[in-house]
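>>> what's the 3D shape of this:
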Amino acid sequence: ILTAALGRIMLQDGYDVAPFKAQNMSLNSFVTPDGGEIGRAQALQAEACRLDPDVRMNPVLLKPSSDTGSQVIVLGKPEDNMRAREYRTARTRFFDRVKHAYDSLASEHEVMLLEGAGSPGEINLKDCDIVNMNMALYANSPVLLVGDIDRGGVYASFLGMYETFNRQERQLLRGFLVNKFRGDSSLLAPAHDYLLERTGKPVIGVVPYLKDLRLPAEDSMSFGLTPDALPKHSDALDVALIVVDHIANFTDYTPLELEPDIRLRHVRRAEELGHPDIIILPGSKNVIGDMDHLRDSGLAAAIVDCVKNTNVWVVGICGGLQFAGREIHDPWRIEGDGRSVAALNLLPLVTTLEREKCLWQTESVWAAKNWPVAGYEIHHGVTTVENPALVSMTAADGRLLGFASGRVWLTYLHGVFDPDRFRRDFIDMIRVDSGRCPLGTIQSIYEIEPALNRLADTVRQAVDMNAIYKIMGLK
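Below you'll find the model as predicted:
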């Protein structure tokens, strides 16, 4: 978020700036216009810089598929599935491709804004680090170290991090930024003086804790918005979002959370399901494993029972579409041992996980309503159905994008609820079906541009941008 803010500020100040993060770990990804996959955070940062997302902005993306393993995406395409120890050895060979991506992108822009990841002071990782100080050393980039004061111990963390830096790294470190502060920042002056005395590096800004940013979050560590800050109507629809272990692209549901007549709750156990108006089956990085979890936890039976005995709507996106089908097959061992699993059988769909990953920005039409739909696809699964009447969306090339019957509505399109008009019409359709009155007019605007500008205004006031520009050699 801070990288996005600085990117927007530099853009406002007339610089041609591009974001770059050598390696990201997130299940929240985005498809670039040319069909590559990058972290959702880098897509947001590209938007802040008013650039099209580019795979060079995030050359290595790790998508965890288990506690110890991840799918490795290199320059937008799946490279392999690796366990942590295996990747530790392999990532140094990826570094040449990372550096090439950086050089290529940097040759096209005036300013490069590099984001690190996690801690740059992890002693056990520094020798094979490709995203923090080794990347800064390669780019000869001045460094600002950012600390989250809301977690406590930020100044001790700054000092401890400084102690782990070698001489070259200390030369690149030019200052500190304190993030997420609540209160009067002038009270921090003694700590800043102490830090300057011990390290010779100044604190260049204190960024306040920002609530209700209304920007897509990077990962499920910051799952959801702030529901307590968003007032809801008394007749709001009760929406149960099924939370699976490998939930992916959960920002699909951020626009719904903004609506005054949607009360979205996260359901992890069968006893939490109740009798909602809508059940959302989300995307998943491991549909085989998550389907096992749904069955073993009793959630699968609870969902099927709810569908049979109530007027609940089921909305499934990507992996959620696959959960709602009859069978999921993994013949190429994309997600593990090549098993096939029975799914919820809400519709008679059969999904096969293929070797080639579908990565597209896509437009279509929901046939039943003749409503335009748009979004992006990220899936190995190819889904088929014998009854063509169940197909609700197709791509221009004939690919099957969505299926629907009764109150079951499924699509492969992430971001389908981003457009305000479609989202309102879809919600009103369910309101009418449940005996509520439609609201008609758009109730909530899901616009990232105004949010980015508000963010930039706040950070500009909190940070000494002249000092940053001087550090960068721009002033």
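
>>> skipping its backbone neighbours, what lies nearest Val154 in space?
Of all residues not flanking Val154 in the chain, Gly147 sits nearest, at 3.9 Å (Cβ to Cβ, 6 or more residues apart in numbering). In short, each C-beta sits where N, CA and C put it, glycine included.

>>> which residues does that neighbour contact?
By Cβ atoms under 8 Å, 6 or more residues apart in numbering, the residues touching Gly147 are 154-155, 157-158, 176-179.

>>> before we move on, what about Gln71?
Contacts of Gln71 were listed using Cβ under 8 Å, 6+ apart, and they are 62-63, 65, 78, 80-81, 285.

>>> still on that earlier bit, from the contacts of Gly147, which is closest to Leu27?
Asn179 (23.4 Å; Cβ to Cβ).

>>> any idea where the helices of the stretch 51-200 of the chain begin and end?
Ranges of helices in the stretch 51-200 of the chain, per DSSP state H, counting those that start in this stretch, are 84-106, 133-139, 154-164, 167-172, 189-199.

>>> right, I mislabeled it, should have said the stretch 201-350 of the chain
254-257, 287-296, 299-309, 319-324.

>>> all strands for the stretch 151-300 of the chain, in order.
Counting by DSSP state E, counting those that start in this stretch, one finds strands in the stretch 151-300 of the chain at the ranges 173-181, 203-208, 237-242, 247-248, 262-267, 278-281, 283-284.

>>> which stretch among the helices of the stretch 201-350 of the chain is buried most, on average?
For these, the largest average neighbour count (mean count of other Cβ atoms under 10 Å) is found in helix 319-324, namely a mean of 28.

>>> show me what that helix is packed against.
On a contact count with 3 or more Cβ pairs under 8 Å, 6 or more residues apart in numbering; DSSP states H and E, helix 319-324 meets strand 278-281, strand 283-284, helix 287-296, strand 313-317, strand 371-384, strand 408-411.

>>> Arg97: which of these is closest?
strand 371-384 (21.0 Å).

>>> give me the buried positions along that closest one.
By neighbour count on 16 or more other Cβ atoms under 10 Å, the buried set for strand 371-384 is 373, 375-383.

>>> now swap in stretch 463-471 and tell me
So, applying 16+ other Cβ under 10 Å, buried residues of stretch 463-471: 463-465, 467-468, 471.

>>> export the residues you listed to CSV and append columns for secondary structure, distance to Leu105 and pLDDT.
As requested, these are exported to CSV (DSSP: H, G, I helix; E, B strand; the rest coil; distance: Cβ to Cβ, whole Å; pLDDT from 0 to 100):
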residue, secondary structure, distance to Leu105, pLDDT
Val463, strand, 24, 97
Asp464, coil, 27, 97
Met465, helix, 23, 97
Ala467, helix, 25, 97
Ile468, helix, 20, 97
Ile471, helix, 21, 97
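
>>> so where is the protein shaky, pLDDT-wise?
67-68, 217-229 (pLDDT under 70).

>>> for the residue nearest to the spatial centre of it, give me phi and psi.
In the chain, the C-alpha nearest the mean C-alpha coordinate belongs to Asn28, at 3.0 Å (Cα atoms, centre = their mean). In terms of degrees, to the nearest 10, the main-chain angles of Asn28 are phi -100, psi 100.

>>> ok so, going back, looking at the strands of the stretch 151-300 of the chain, which is closest to Asn311?
strand 278-281 (10.5 Å).

>>> mind listing residues that contact that closest one?
By Cβ under 8 Å, 6+ apart, strand 278-281 touches 237-242, 253, 264, 273, 303, 306-307, 312-317, 319-321, 323-324, 430.

>>> switch the cut-off to 6 Å
Residues from elsewhere that reach strand 278-281 (Cβ atoms under 6 Å, 6 or more residues apart in numbering): 239-242, 312-316, 320, 323-324.

>>> same deal with stretch 154-174?
121, 133, 136, 142-143, 147, 176, 191, 199, 201, 471.

>>> distance from the chain centre to it, please.
How far stretch 154-174 lies from its chain's middle: 29 Å, per Cα atoms, centre = their mean, to the nearest Å.

>>> just the CA coordinates of that stretch, formatted as PDB?
Output in PDB follows, covering the C-alpha atoms of stretch 154-174 (Å, rounded to 0.1, in the frame of the first residue of the first chain):
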ATOM      1  CA  VAL A 154       9.300  -0.800  15.900                       C
ATOM      2  CA  TYR A 155      12.500   1.100  17.000                       C
ATOM      3  CA  ALA A 156      14.100  -2.000  18.400                       C
ATOM      4  CA  SER A 157      13.300  -3.700  15.100                       C
ATOM      5  CA  PHE A 158      14.900  -0.900  13.200                       C
ATOM      6  CA  LEU A 159      18.100  -1.100  15.300                       C
ATOM      7  CA  GLY A 160      18.100  -4.900  15.100                       C
ATOM      8  CA  MET A 161      17.700  -4.800  11.300                       C
ATOM      9  CA  TYR A 162      20.500  -2.300  11.000                       C
ATOM     10  CA  GLU A 163      22.800  -4.600  13.000                       C
ATOM     11  CA  THR A 164      22.300  -7.400  10.500                       C
ATOM     12  CA  PHE A 165      23.300  -5.200   7.500                       C
ATOM     13  CA  ASN A 166      26.800  -5.400   6.100                       C
ATOM     14  CA  ARG A 167      28.800  -2.300   5.200                       C
ATOM     15  CA  GLN A 168      27.400  -2.100   1.600                       C
ATOM     16  CA  GLU A 169      23.800  -2.500   2.800                       C
ATOM     17  CA  ARG A 170      24.300   0.200   5.500                       C
ATOM     18  CA  GLN A 171      25.500   2.500   2.700                       C
ATOM     19  CA  LEU A 172      22.300   1.900   0.700                       C
ATOM     20  CA  LEU A 173      20.100   2.400   3.800                       C
ATOM     21  CA  ARG A 174      19.200   6.100   3.700                       C
END
